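Student: Build me a structure from this.
(chains A, B and C)
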Amino acid sequence: MPDKESYLIQVYHKLYQLYGPQGWWPLMDLEGENPTKTGSLKGYHPLNYSLPETSQQRFEVILGAILTQNTAWTSVEKALWNLKRMGVVHPQNLLELETEILKEAVRPAGFFNQKSVYLQEISRFFLKMDGKVPARKEILGVKGVGNETADSILLYAYHQPQFVVDAYTKRIFGHLGVIKENSSYMEVKNLFEECLPRNVPLYQEYHALIVEHAKRYYQKRPYNEIHLKRY
DNA sequence: AACCAGGACGTGA
DNA sequence: TCACGTCATGGT
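Tutor: Residues are numbered from 1 along each chain as shown, chains lettered A, B, ... in the order given. So this is what the prediction gives:
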């Protein structure tokens, strides 16, 4: 695999050409009434890289980042909607909410016992930061925030140039022979950050495009890589 | 009816 | 450090 740098850049352009701007991170329509009939909220905002803008939107991204751990986004939407209905997409309100009530709201997103605790932990942290951008190490110190969640929060909530690696990233680029199958999180993250210009919209789109592509072709074996092999 | 989902934590080698 | 079990609901 010679010249991983140009390869990773060209794969990005190929994905962008295939799927277009993804508009991550999705935000609930805070003025809206209800989830759509399909159960899927819209919330995506292609080519708008200034979101989130408000403290509440930033907090919503953070809640979603924790709720979506090993969980489909459609399930996360249900939990987020519950939290919005209860008026706790706000750190102070969330902390004042009865734990059992919080668990019921989180339930549709799975792992509701631990995720409820995680949401309380990140709420305290969010209040403590008081609007300041946290360092990566600081967020990693919060219980429930691992490598991917930390980078997701920094990249999508705080517009920091931290590349997000997930299981899909390892699956696709492992299968393409760019990385070893058992590469560590930081190895993969460092590779992408060394190969790509340090650009927030690029990082945001690349990760979202990887997820979109993986959902289509990397859920079930045998994986079909021809969509990226020729570009 | 397995298997997977935009992982993280606790434990024991 | 690292492999492994655990956490849980919901869709295919």
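Student: Smallest gap between chain A and DNA strand B, at which residue?
Tutor: DNA strand B sits closest to A:G146 of chain A, with a gap of 2.4 Å, by Cβ to the nearest atom of the strand. Where C-beta positions appear, they are placed from N, C-alpha and C, glycine not excepted.
Student: Contact partners for that residue?
Tutor: Counting by Cβ atoms under 8 Å, 6 or more residues apart in numbering, A:G146 touches A:L140.
Student: Next: the one 4 residues further on.
Tutor: For A:A150, the contact set (Cβ under 8 Å, 6+ apart) comprises A:136, A:139-140, A:162.
Student: Tell me the one among the residues you listed nearest to A:I9.
Tutor: The closest of the contacts of A:A150 to A:I9 turns out to be A:Q162 (Cβ to Cβ; 18.4 Å).
Student: So that closest one sits against A:L154, correct?
Tutor: Yes. The pair A:Q162 / A:L154 is scored as a contact, 4.4 Å apart, by Cβ atoms under 8 Å.
Student: intersection of neighbour lists for the two?
Tutor: Residues within reach of A:Q162 and of A:L154 at once, by Cβ under 8 Å, 6+ apart, are A:R136.
Student: distance of A:R58 from A:K132?
Tutor: Distance of A:R58 to A:K132, computed by Cβ to Cβ, to the nearest Å: 12 Å.
Student: And those two? Which one has more around it.
Tutor: A:R58 (20 against 9; other Cβ atoms under 10 Å).
Student: The more buried one against A:Y156, yeah?
Tutor: No. The pair A:R58 / A:Y156 is not scored as a contact, 9.2 Å apart, by Cβ under 8 Å.
Student: Overlap in contacts, these two.
Tutor: What both A:R58 and A:Y156 touch, as defined by Cβ under 8 Å, 6+ apart, is the set A:P52.
Student: Tell me which residues touch the most centrally placed residue in chain A, please.
Tutor: For chain A, the residue nearest the mean C-alpha position is A:S152 (4.7 Å; Cα atoms, centre = their mean). The neighbourhood of A:S152, defined by Cβ under 8 Å, 6+ apart, consists of A:25, A:65, A:164.
Student: roughly how far apart are A:L196 and DNA strand C?
Tutor: Going from A:L196 to DNA strand C by Cβ to the nearest atom of the strand, to the nearest Å gives 24 Å.
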